[in-house]
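Asker: Let's see this in three dimensions:
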Amino acid sequence: MNRLYDIIRKLRKECPWDSKQTEESLIPYIIEESYELIDAIERGSVEEKKDELGDFLLQFLLQVAINEEKGNFTMDDVLRHLEEKLIRRHPHIFGDVKAETEEEVMKNWDEIKKKEKKHAYLMDSVNRNLPALMYAKKVQKIANKVGFDWDTIEGVYDKMHEEINELKDAKTREEKEEELGDILFVASHLGNFIDIDAETALKKSNDKFIKRFNLMEDMLREQGKNFEDASIDELEELWQKAKEILKEKKKS
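Answerer: Predicted coordinates:
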């Protein structure tokens, strides 16, 4: 690790590209590398995971190096801070607190975190840069903890129908945008009730749609056609065929 960090310091001094980077200019790369690592984990390729973990680590090291140059903190400061936080937030491991279930662990974690970070409002603890569905989930979890929530899932279903009807009645673009946002917010909340992460569910639906769409394209090519050559009825028929083919593949 020390050898690697020495390389990063050398790049910061001598490489025309690396030396010009700032904390802010690297933000897009942090986001990109995070998603590429997630993709590698989901694909399950050992080589890809090893490669992407390295790229992910590079972004961490660059951020530390830049802050070290500014005199803000050093690598030792970052590691020591993390070490202290892990020990502090796991009193059931490093202290005399008892926590035998996951729920008890999370309850202790939240209570300790509240003492560490003082906010004017409960919702101030939510990172607003999260993807929208993850953001919604965090917001809803906080509301749930203070009792501002439906008692049963039926209330969420009713709210979903209400929001859909409001979207149907919306007239302006602004109204439609607001009502569509409300539908997505309630959909995320519905996921909380059934213990399904909405962000993950939507990603899987996106992937499923792409697989079916690609299969439709294959079938059109076999017929010597493009999408533009087929009617909507033909496309719907191919869509249903693609669904059945993939359903059978899933069974086998």
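Asker: Please parse the chain into its domains.
Answerer: Per the record, the chain has its domains at 2-73, 119-196, 200-251, by automatic domain parsing.
Asker: I'd like the ones you listed as a markdown table, with mean neighbour count, mean pLDDT and distance to residue 109 appended.
Answerer: Just so you know, the C-beta spots here come from the backbone N, C-alpha and C atoms, and that holds for glycine as well. Shown next, in a markdown table, are the domains of the chain (neighbours: other Cβ atoms under 10 Å; pLDDT from 0 to 100; distance: least, Cβ to Cβ, whole Å):
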| stretch | mean neighbour count | mean pLDDT | distance to residue 109 |
| --- | --- | --- | --- |
| domain 2-73 | 13 | 96 | 22 |
| domain 119-196 | 14 | 94 | 13 |
| domain 200-251 | 13 | 94 | 22 |
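Asker: how about those domains, which one is nearest residue 89?
Answerer: domain 119-196 (14.7 Å; Cβ to Cβ).
Asker: Between the two ends of the closest one, how far is it?
Answerer: With Cα to Cα, to the nearest Å applied, domain 119-196 spans 29 Å between its terminal residues.
Asker: Stretch 115-135 now?
Answerer: For stretch 115-135, the first-to-last residue distance is 22 Å (Cα to Cα).
Asker: outside of that stretch, which residues touch it?
Answerer: Residues outside stretch 115-135 that contact it (Cβ atoms under 8 Å, 6 or more residues apart in numbering): 88, 113, 138, 139, 142, 146, 184, 188, 198, 199, 202.
Asker: swap the cut-off to 10 Å and go again
Answerer: 27, 31, 85, 88-89, 110, 113-114, 136-139, 141-143, 145-146, 181, 184-185, 187-188, 191, 197-203 (Cβ atoms under 10 Å, 6 or more residues apart in numbering).
Asker: Restrict stretch 137-155 to CA atoms and write it as CSV.
Answerer: Output of stretch 137-155 as CSV, limited to C-alpha atoms (Å, rounded to 0.1, in the frame of the first residue of the first chain):
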residue,chain,number,x,y,z
LYS,A,137,-35.8,5.1,0.6
LYS,A,138,-33.6,6.9,3.1
VAL,A,139,-36.2,9.7,3.6
GLN,A,140,-39.0,7.2,4.1
LYS,A,141,-37.0,5.2,6.6
ILE,A,142,-36.5,8.3,8.8
ALA,A,143,-40.3,9.1,8.6
ASN,A,144,-41.1,5.5,9.5
LYS,A,145,-38.8,5.6,12.6
VAL,A,146,-40.8,8.5,14.1
GLY,A,147,-44.1,6.8,13.3
PHE,A,148,-45.1,8.9,10.3
ASP,A,149,-46.1,6.0,8.0
TRP,A,150,-49.1,3.8,7.0
ASP,A,151,-50.0,1.0,9.4
THR,A,152,-50.5,-1.5,6.5
ILE,A,153,-49.4,-1.9,2.9
GLU,A,154,-53.0,-1.3,1.8
GLY,A,155,-52.5,2.4,2.6
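Asker: ok now it, how far from the chain's centre?
Answerer: Stretch 137-155 sits 20 Å away from the centroid of its parent chain (Cα atoms, centre = their mean, to the nearest Å).
Asker: Thanks a lot, see you next time.
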